[in-house]
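Peer 1: I would like to see how this sequence folds:
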Amino acid sequence: MTSKQSSPSPQNKQGTPRAQSVREHPRNLASQKQVDVRTHLEKLAEKVPGVKKANVVITGNTAIVGIDVDGDLDRSRVGTIKYSVAEALRKDPYGKNAIVTADVDISKRLAEIGNDIRRGHPISGFASELADIVGRIMPQVPSDTKAKR
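Peer 2: The predicted structure is shown next:
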């Protein structure tokens with residue numbers, strides 16, 4: 001029979017317990033300083049080779065990340081860059097629920113929404129605009145359709 005022992009709590013040199021500094025992922029990105037999280041995710045995406053600029057808008061637990069790439073790149077190279085950004089974000093606790101797009105129109109819309117938010121202007125139809133953007137990003141899968149009878 002083995003006994004289970006818990007590991008001792010970290011202690012400083014004087015032998016008194018010290019607080020552990022573990023940064024936990026928030027349940028809702030909106031509960032954090034969105035500016036800090038948004039900037040962090042933009043910088044993370046912009047570190048990926050081939051990304052000129054990234055624009056991030058956060059809603060709930062989801063970050064929508066629009067990336068700007070060279071317009072002369074072929075589709076497969078853009079897909080590779082987009083996948084690399086998604087990989088980088090997946091490894092980050094704030095980016096794991098992100099949606100990444102390289103669509104020029106959507107990226108511009110995200111930049112405009114972000115600029116309006118930073119200027120403190122109320123955005124009428126903000127939720128519907130984001131819903132439209134997400135609707136454009138999400139694919140339609142044939143198996144999700146219902147057959148007509």
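Peer 1: where does this protein have its least confident helix or strand?
Peer 2: Sorting the helices and strands of the chain by mean pLDDT, DSSP states H and E puts helix 126-137 at the bottom, at a mean of 73.
Peer 1: would you mark the buried spots in that helix?
Peer 2: With burial defined by 16 or more other C-beta atoms under 10 Å, the residues of helix 126-137 counted as buried are 129-130, 133. Yep, even glycine has a C-beta here, placed from its N, CA and C like the rest.
Peer 1: same question, stretch 93-108
Peer 2: Neighbour counts over stretch 93-108 (16+ other C-beta under 10 Å) mark 94-95, 98-103, 106-107 as buried.
Peer 1: got the CA positions of it in PDB?
Peer 2: Provided in PDB are the C-alpha atoms of stretch 93-108 (Å, rounded to 0.1, in the frame of the first residue of the first chain):
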ATOM      1  CA  PRO A  93      -4.400  30.900 -23.600                       C
ATOM      2  CA  TYR A  94      -6.100  34.000 -25.000                       C
ATOM      3  CA  GLY A  95      -6.000  32.900 -28.600                       C
ATOM      4  CA  LYS A  96      -7.100  29.300 -28.400                       C
ATOM      5  CA  ASN A  97     -10.700  30.200 -29.300                       C
ATOM      6  CA  ALA A  98      -9.700  32.600 -32.100                       C
ATOM      7  CA  ILE A  99     -11.100  32.700 -35.600                       C
ATOM      8  CA  VAL A 100      -8.400  33.600 -38.200                       C
ATOM      9  CA  THR A 101      -9.200  35.100 -41.600                       C
ATOM     10  CA  ALA A 102      -7.000  36.500 -44.400                       C
ATOM     11  CA  ASP A 103     -10.000  37.900 -46.300                       C
ATOM     12  CA  VAL A 104      -9.200  41.500 -47.200                       C
ATOM     13  CA  ASP A 105     -12.800  42.800 -46.700                       C
ATOM     14  CA  ILE A 106     -13.200  41.200 -43.300                       C
ATOM     15  CA  SER A 107      -9.800  42.300 -42.100                       C
ATOM     16  CA  LYS A 108     -10.700  45.900 -43.100                       C
END
